[in-house]
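Q: All I have is the shape, not the residue letters:
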């Protein structure tokens, strides 16, 4: 019963606040990692990211990727094209307006999700 309640609370918190660095950082400090989250929570995170990605500003993109990095989210093994494409689209849309600190968070987050330079779309290389 406690596990069910905890899962419901975590699902709500993650799905509602995944865009903030502090939530990803807080979950990381509690030793929560992507692979330890329930399928329900993972589906919620993926759905929220896909749904909101077109509204992201440069800070949203940077902290989202930082949060995914903190959770050790394995982008190379998330077999949901719409999810990864929505993130790449948000990056490409916001990259020209990013400050140096936002680019740094973005790069750290991408590197922490298991992606390599060769895995990135060509548009992100230039």
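A: All right, it came through fine. Model, not experiment: these values are computed from the prediction.

Q: for the chain, what spans make up the helices?
A: For the chain, the helices defined by DSSP state H cover 2-17, 21-29, 39-52, 58-70, 81-94, 100-112, 122-125.

Q: shaky segments in the protein?
A: 1-29, 76-77, 79-80, 116-117, 119-126 (pLDDT under 70).

Q: Identify the residues contacting the closest residue to residue 105 other than its chain neighbours.
A: Ranked by C-beta to C-beta, 6 or more residues apart in numbering and with sequence neighbours excluded, the top spatial neighbour of residue 105 is residue 62, at 4.0 Å. (Glycine included, C-beta is placed from N, CA and C.) Counting by C-beta atoms under 8 Å, 6 or more residues apart in numbering, residue 62 touches 98, 101, 102, 103, 105, 106, 109.

Q: May I see the ChimeraX selection of the buried members of those residues?
A: Only the buried entries of these go into this ChimeraX selection, using 16 or more other C-beta atoms under 10 Å:
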select :98,102,105,106,109
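
Q: now, which of the contacts of residue 62 sits nearest residue 40?
A: Nearest to residue 40, judged by C-beta to C-beta, of the contacts of residue 62 is residue 109 at 23.6 Å.

Q: Now residue 74: closest residue in space that isn't a chain neighbour?
A: Nearest non-adjacent residue to residue 74 (C-beta to C-beta, 6+ apart): residue 114, at 4.9 Å.

Q: what's the burial count for that neighbour?
A: 15 (other C-beta atoms under 10 Å).

Q: My guess is it contacts residue 71. True?
A: No - look at residue 114 against residue 71 with C-beta atoms under 8 Å: they stay out of range, at 11.7 Å.

Q: contacting residues for residue 101?
A: So residue 101 contacts residue 62 (C-beta under 8 Å, 6+ apart).

Q: ok, it to residue 59 distance?
A: Relative to residue 59, residue 101 is positioned 9 Å away (C-beta to C-beta, to the nearest Å).

Q: No more questions from me, cheers.
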